[in-house]
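> curious how this folds, go ahead:
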Amino acid sequence: MRRFIRHPTEFPILIFAGDCASGDEASMCDISQGGLACRLTRKLRVGETVALGIPSIQQDYRIAGQIVRCRRCRAGYRIAVQFSDEAESFKTKMVEQVCQIEHFRRELCREGCELDSEAAAREWISRFGGQFADIFSG
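Down below sits the predicted model:
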């Protein structure tokens, strides 16, 4: 069984490291209860504390984490971030669920099925909620 979720690419994340006030855009690869993996154009230090945001979903959303891996790859660096605690993990679960539901709603729209956000949430939960909960249950 899959232990991580692919984050929808239409919702880029920002990584705020050091004194970078604007954040660096990153392409998220995977997300799980304990952390996430993403690609970034610049190298970050293992052990460095960072904040993450998804401004297209929630402008003031920030989550604290720590860099636990940074490896060179074709597109720059593949970074692994560990969430700092259970509360940060829970916040991430809620925001990621919103991203997944909005992605689902947009997919349905492209297929000709128009749903408002509430109806899309109900449909997504009935189809995928159990699997999502399993991944974030530890």
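> pull up the gap between residue 57 and residue 12, please.
In this view, residue 57 and residue 12 are 10 Å apart by Cβ to Cβ, to the nearest Å. Any C-beta I mention is one placed from the backbone N, CA and C, and that applies to glycine too.
> check residue 40 too.
For residue 40, the distance to residue 12 equals 11 Å [Cβ to Cβ].
> any shared contact partners between the two?
Both residue 40 and residue 12 are contacted by residue 26, under the criterion Cβ atoms under 8 Å, 6 or more residues apart in numbering.
> grab the nearest non-local neighbour of residue 51.
Of all residues beyond its chain neighbours, the one nearest residue 51 is residue 16 (4.2 Å), with distances taken as Cβ to Cβ, 6 or more residues apart in numbering.
> helix, strand or coil for that neighbour?
Under DSSP: H, G, I helix; E, B strand; the rest coil, residue 16 falls in the strand class.
> before we move on, what about residue 47?
Residue 47 - assigned by three-state DSSP - is coil.
> one step back: number of nearby residues for the residue nearest to residue 51?
17 (other Cβ atoms under 10 Å).
> what sits against it?
Per Cβ under 8 Å, 6+ apart, neighbours of residue 16: 23-24, 50-53, 62.
> neighbour count: residue 40 and residue 12, which is higher?
A count of neighbours by other Cβ under 10 Å puts residue 40 above the other of residue 40 and residue 12, at 21 against 16.
> secondary structure class for the residue lying closest to that one once chain neighbours are set aside?
Distances taken as Cβ to Cβ, 6+ apart place residue 26 nearest to residue 40, at 4.6 Å, with adjacent residues excluded. Here residue 26 is recorded as strand under three-state DSSP.
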